[in-house]
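Participant: Could you look at this predicted model? Sequence included:
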Amino acid sequence: MQDLNISLVQADLHWEQHDANLAMFEEMIWNIDETDLIVLPEMFTTGFSMHAENLAEPVGGKSFKWMRQMAKQKKAAITGSYIVKDDSNYYNRLYFVYPDGTSEQYDKKHLFALAGENEPYTAGHERLIVEFKGWKICPLICYDLRFPVWARSQKNKERLYEFDLLLFVANWPSARINAWDTLLKARAIENLSYCVGVNRIGSDGVSKDYPGHTAGYSYLGEEVRFSTEAEVISMSFSRSDLDEFREKFPFQEDADTFHL
């Protein structure tokens, strides 16, 4: 199985301005030479807004079509979340769009009640494990990071490890950034998995500041890359190194079995 090249896009989002954000990200993405997977922040078209009724897009709307276009043109998968209205409900929905235009989706499970996210939005109930280029990837959203059971690789008879890469997209504020740094590393170590987190920088429309700290960690919890700037952070993860470590240190064989 091949190595996986990832490009994490960290930016200062334009508050509640779809078109400005899409234009900004398109310019940043065009500067990526070659990659397998492009990762955008949580609510990348608006920032972390509770104005779902005014900002939500229909299923298959403008931002989804834009993601499909970017994936096709860059010949890479692309993922990130934005506000979607599906039937009568609003979701903080992540799309994983493959280079051929097909897609899968994940609705944020843990809604951040402290900011009132649980009021306009409906929580998801199903995790997503995508298969891409021989890798199993589990994409989650921001506050999900605080709940280790939801992010825990479950062993079963067919497969000891549910995923090889754990991925978080976020709008994680400066006030609690130490938790972000610590928990990303912990999720990598406990799952014997690579782990990446993509945050934003700048300030939003409700005076919350964001320091970035977009990063990638190895299965040992070692920092691969880290950034506080508006930039594309690229990294490559070795599949052979991961498989060799898991074979040498099969900690997951002793893990507890459970059902979500």
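Facilitator: Okay, I see it.

Participant: where do the helices sit along the stretch 51-200 of the chain?
Facilitator: With DSSP state H, counting those that start in this stretch as the criterion, the stretch 51-200 of the chain has helices at 52-55, 62-74, 177-191.

Participant: Output the second one as PDB, restricted to C-alpha atoms.
Facilitator: What it means is helix 62-74. Only the C-alpha atoms of helix 62-74 are listed here, as PDB (Å, rounded to 0.1, in the frame of the first residue of the first chain):
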ATOM      1  CA  LYS A  62     -22.900  25.500  -4.600                       C
ATOM      2  CA  SER A  63     -20.200  24.500  -2.100                       C
ATOM      3  CA  PHE A  64     -20.700  20.800  -2.800                       C
ATOM      4  CA  LYS A  65     -20.300  21.500  -6.500                       C
ATOM      5  CA  TRP A  66     -17.200  23.500  -5.800                       C
ATOM      6  CA  MET A  67     -15.700  20.700  -3.800                       C
ATOM      7  CA  ARG A  68     -16.400  18.300  -6.700                       C
ATOM      8  CA  GLN A  69     -14.800  20.700  -9.100                       C
ATOM      9  CA  MET A  70     -11.700  21.100  -6.900                       C
ATOM     10  CA  ALA A  71     -11.400  17.300  -6.400                       C
ATOM     11  CA  LYS A  72     -11.600  16.700 -10.200                       C
ATOM     12  CA  GLN A  73      -9.100  19.500 -11.200                       C
ATOM     13  CA  LYS A  74      -6.500  18.600  -8.500                       C
END
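
Participant: And that helix, what does it pack against?
Facilitator: helix 18-30, strand 37-39, strand 77-86, strand 89-97, strand 103-107 (3 or more Cβ pairs under 8 Å, 6 or more residues apart in numbering; DSSP states H and E). C-beta here means a position set from N, CA and C on the backbone, and glycine is covered the same way.

Participant: JSON lines for these, including mean neighbour count?
Facilitator: Shown next, in JSON lines, are the helices and strands packed on helix 62-74 (neighbours: other Cβ atoms under 10 Å):
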{"stretch": "helix 18-30", "mean neighbour count": "16"}
{"stretch": "strand 37-39", "mean neighbour count": "26"}
{"stretch": "strand 77-86", "mean neighbour count": "24"}
{"stretch": "strand 89-97", "mean neighbour count": "22"}
{"stretch": "strand 103-107", "mean neighbour count": "20"}
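
Participant: Quick check: which of those is nearest to residue 221?
Facilitator: The closest of the helices and strands packed on helix 62-74 to residue 221 is strand 37-39. By Cβ to Cβ, the value is 19.6 Å.

Participant: related to what we said a few turns ago, could you provide the helices of the stretch 51-200 of the chain in CSV, with additional columns for distance to residue 224, mean pLDDT and mean neighbour count?
Facilitator: Putting those into CSV (distance: least, Cβ to Cβ, whole Å; pLDDT from 0 to 100; neighbours: other Cβ atoms under 10 Å) gives the following:
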stretch, distance to residue 224, mean pLDDT, mean neighbour count
helix 52-55, 34, 98, 15
helix 62-74, 22, 98, 18
helix 177-191, 10, 98, 18
